[in-house]
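J.: Here you go, sequence then predicted model.
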Amino acid sequence: MPTVAERAVAIHTMPFGAELRPDGAVRFRLWAPGQQRVRLALEGRSDALPMTALSEGWHELVTDEATAGTQYSFELTNNMRVPDPASRYQPRDVHGPSEVIAPASHQWRDTSWRGRPWHEAVLYEMHVGAFTPEGTFRAAIERLDHLVDLGITAVELMPLADFPGARNWGYDGVLLFAPDSTYGRPEDLKAFVDAAHRTNLMVFLDVVYNHFGPDGNYLTVYAPQILTDRHKTPWGSAVNYDGDDATPMREFVIHNALYWLEEYHFDGLRLDAVHAIMDDSPTHLLNELAQRVRGKLGKERQIHLVLENEENEAHWLARGPKGEDECYTAQWNDDVHHGLHTAATDEVSGYYAEYRGETEKLARALAEGFAFQGEMMTYRGSARGEPSAHLPPMAFISFIQNHDQVGNRAFGDRLTHETPAERVRAIAATYLLAPQIPMLFMGEEWGAAQPFPFFCDFEDELAEAVRKGRRAEFAKFPEFQDEAARERIPDPTARETFRSAKLDWRDLTRASHAQWLDWYRRILLVRRIEIVPRLAQAAGHEGTYKVSGLGAFRVSWLLGDGTRLIVFANLSEGTWNGFGPSPGRILWSEGRVDQQRRILGPWSVAWSIVSAAEAQEADRP
């Protein structure tokens, strides 16, 4: 286990990039198998320095002509200059030179921090640029007390890898080791994580290993092997993780994961769209990455690895004999979102058609994790998912809003924009007290009025292609058949579109928003007091469910302390007569709940906690 002094320094040693050595010299190393010659260009020096060509496509130079703060780039055979793919910082964006960073310059104050157990997690997804008016790491520090008071225990940052321009969701990153300069310098990000840990908040980072963005990725110029046409993804050719010369790319992303966790003290990672990581090798990249992370850091502190996986592959979430996560900790549960969203909004477009009116799918997703566990999904024309009922609820992250489910709407409108408040409260009460791990999207807690549309900062032909492509995506929807209707969709490349997404913290002084915030604070307090302690034990957590009508269902979970958590929900305009019985102690009720007459009014939810013996009657079919 690292000493306190080592934790205060926190440097991740990489076999590539710019490494500042103890003697003051800097080692530069680049994998460029497509180049016979590579030279190092240092800012302020007229001629580039030749690098030594090593075996297997590597080029290296150790020089004392560079130091911390030196800007540099690599000059290829055709005199083209490119940034370092392992750059720790890009002061002039993705096409400019990289900067040598001294990782030890930040003196960490969280040296006793060992993380928090997963069952305590209440996640808060945040886009740094839109979270505050300033849109910086330093400005976000000033809002951490708000999150603590709310009941949040973990912040999940949307991707930070350097992207082109001044605004982006982050999924167009091309320099995976460099936090985007729009938000601040590396030491500013470290200060944010440090400050979060001092308030007992975990910090997660969203990382993208399934593709590179369309502007600023020079890797294919000097290392064409990093892509393969053997596999196809929504973004074109796949990243090469299983073919010839795949090892450098595998090492690149595994070191990236270790780098964020070790050098920046992140508590976990969320891996974006892993179903698009194509790997037919004997050891899948996801397996190797998890093994390497846990092998190096797992004994030092609590590290949590989260997936987004459209395929609902439960095997990545396998638990060990003591209930410990052997590979990945949890997965975003789209099935719960889709079930709750369609219940509240009546939407049927796209994949929502699979869930609208399908109360059993929602109840199953709450009780067992996935709604689709190998069944045919008509929308996609194939089977989806693997059995998940054997997994504990904590292997799943539930939500009613996130960047995708808000931002991929034509106008980025939030759930509270047109959905009646009683419906939103009912579905929020359903997911916030369930034993799955809840995740809020920034501003959800006060019913933020600001949308979260898709935005980026591309130029010229690429910008025009994105504008047209965005509007073409919605042409198949009935409400956008008319070209004039499509023209109303915000231009994702316009500065105003990004500005519209920035949270307005002044809204907290307005009564309607303050009421939402009070409601979220109170229900999350119930979760902290009543639910979280009962999730600590590894045993149990089995879920059962029964559907009693459209929108009416009961779900029951055996918790680690032997008690049983029960929810009765009526997510409809009708009245549920004869629900229950609901023994035990009521934890929370939403809407009209009449226990004596066993009536649940429209959009009503009742949570109770009971002993196993008391729950036997409620568990009978």
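T.: All right, it came through fine.
J.: residue ranges with poor pLDDT in this structure?
T.: 1-8, 538-541, 582, 612, 615-621 (pLDDT under 70).
J.: list the buried ones in stretch 261-278?
T.: 261-274, 276-278 (16 or more other C-beta atoms under 10 Å). Any C-beta I mention is one placed from the backbone N, CA and C, and that applies to glycine too.
J.: can I have that stretch written out in CSV, keeping just the CAs?
T.: Below are the C-alpha coordinates for stretch 261-278, written out as CSV (Å, rounded to 0.1, in the frame of the first residue of the first chain):
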residue,chain,number,x,y,z
LEU,A,261,-7.7,6.6,-11.0
GLU,A,262,-4.1,6.9,-9.8
GLU,A,263,-2.9,10.3,-10.8
TYR,A,264,-6.2,12.1,-10.3
HIS,A,265,-7.6,10.0,-7.4
PHE,A,266,-10.9,9.3,-9.1
ASP,A,267,-12.9,6.7,-7.2
GLY,A,268,-14.3,5.0,-10.3
LEU,A,269,-14.9,5.1,-14.0
ARG,A,270,-18.0,4.9,-16.2
LEU,A,271,-17.2,3.2,-19.5
ASP,A,272,-19.3,4.5,-22.3
ALA,A,273,-21.1,2.1,-24.7
VAL,A,274,-19.0,-1.0,-24.1
HIS,A,275,-21.2,-2.9,-26.5
ALA,A,276,-19.3,-1.1,-29.2
ILE,A,277,-15.9,-2.3,-27.9
MET,A,278,-15.3,-5.2,-30.3
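J.: How far away from the center of its chain is that stretch?
T.: Relative to its chain's centre, stretch 261-278 lies at 8 Å (C-alpha atoms, centre = their mean, to the nearest Å).
J.: Same check on stretch 499-509?
T.: Averaging C-alpha positions (C-alpha atoms, centre = their mean) puts stretch 499-509 22 Å from its chain's average.
J.: how long is that stretch from one end to the other?
T.: 21 Å (C-alpha to C-alpha, to the nearest Å).
J.: Could you do stretch 157-171 as well?
T.: Criterion C-alpha to C-alpha; first-to-last residue distance in stretch 157-171 is 12 Å.
J.: Likewise for stretch 117-124?
T.: Terminal-residue distance, stretch 117-124 (C-alpha to C-alpha): 16 Å.
J.: Can you give me the buried ones in that stretch?
T.: Neighbour count says stretch 117-124 has 118-124 buried, by 16+ other C-beta under 10 Å.
J.: could I get these as JSON lines with distance to Leu550 and secondary structure?
T.: Formatted as JSON lines, the buried residues of stretch 117-124 follow (distance: C-beta to C-beta, whole Å; DSSP: H, G, I helix; E, B strand; the rest coil):
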{"residue": "Trp118", "distance to Leu550": "34", "secondary structure": "helix"}
{"residue": "His119", "distance to Leu550": "33", "secondary structure": "helix"}
{"residue": "Glu120", "distance to Leu550": "35", "secondary structure": "helix"}
{"residue": "Ala121", "distance to Leu550": "32", "secondary structure": "coil"}
{"residue": "Val122", "distance to Leu550": "30", "secondary structure": "coil"}
{"residue": "Leu123", "distance to Leu550": "30", "secondary structure": "strand"}
{"residue": "Tyr124", "distance to Leu550": "32", "secondary structure": "strand"}
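J.: So which of the buried residues of stretch 261-278 sit within helices?
T.: Counted as lying in helices by DSSP state H, out of the buried residues of stretch 261-278, are 261-263.
J.: can I get the residues you listed in CSV with distance to Arg414?
T.: Shown next, in CSV, are these (distance: C-beta to C-beta, whole Å):
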residue, distance to Arg414
Leu261, 32
Glu262, 36
Glu263, 35
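J.: so Phe568 is in which element?
T.: strand 564-570 (DSSP states H and E).
J.: hang on, Glu288 in a helix?
T.: Yes. Judged by DSSP: H, G, I helix; E, B strand; the rest coil, Glu288 forms part of a helix.
J.: how many neighbours does it have?
T.: Residues lying near Glu288 (other C-beta atoms under 10 Å) number 17.
J.: Repeat that for Asp206.
T.: Asp206: 24 neighbours (other C-beta under 10 Å).
J.: Tell me the one among the ones in helices among the buried residues of stretch 261-278 nearest to Phe163.
T.: Of all these, Phe163 sits closest to Glu263, with 20.1 Å by C-beta to C-beta.
J.: re the thing from before, redo the buried residues of stretch 117-124 as a markdown table? Include distance to Ala154.
T.: Shown next, in a markdown table, are the buried residues of stretch 117-124 (distance: C-beta to C-beta, whole Å):
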| residue | distance to Ala154 |
| --- | --- |
| Trp118 | 9 |
| His119 | 12 |
| Glu120 | 8 |
| Ala121 | 5 |
| Val122 | 7 |
| Leu123 | 5 |
| Tyr124 | 7 |
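J.: Pick the one among those closest to Glu251.
T.: Trp118 (27.8 Å).
J.: OK, contacts around that closest one?
T.: Contact analysis of Trp118 by C-beta atoms under 8 Å, 6 or more residues apart in numbering lists 302, 304, 325, 329-330, 394, 437.
J.: What subset of the residues you listed is buried?
T.: 302, 304, 325, 329-330, 394, 437.
J.: Which one of those residues is nearest to Thr378?
T.: Nearest member of the buried ones among the contacts of Trp118 to Thr378, counting by C-beta to C-beta, is Ala330, at 27.3 Å.
J.: Near the closest residue to His119 other than its chain neighbours, how many other residues are there?
T.: With sequence-adjacent residues excluded and distances taken as C-beta to C-beta, 6 or more residues apart in numbering, His119 is closest to Leu535, at 3.9 Å. If you count neighbours by other C-beta under 10 Å, Leu535 ends up with 26.
J.: Repeat that for Arg534.
T.: That count, for Arg534 with other C-beta under 10 Å as the rule, works out to 20.
J.: what about it, is that helix, strand or coil?
T.: Taking three-state DSSP, the label given to Arg534 is helix.
J.: coming back round to it: hang on, isn't the residue nearest to His119 packed against Leu558?
T.: No. Here Leu535 does not reach Leu558: they are 11.5 Å apart, not a contact under C-beta atoms under 8 Å.
J.: Leu227: how many residues sit nearby?
T.: Neighbourhood size, Leu227 [other C-beta under 10 Å]: 20.
J.: repeat for Ile586
T.: 12.
J.: Now do the contacts for it.
T.: Per C-beta under 8 Å, 6+ apart, neighbours of Ile586: 593, 595, 606-608.
J.: Kindly report the same for Val207.
T.: 159, 161, 176, 256-257, 260, 269-272.
J.: Then Gly268?
T.: Counted by C-beta under 8 Å, 6+ apart, Gly268 has contacts 154, 202, 204-205, 261, 303-306, 329.
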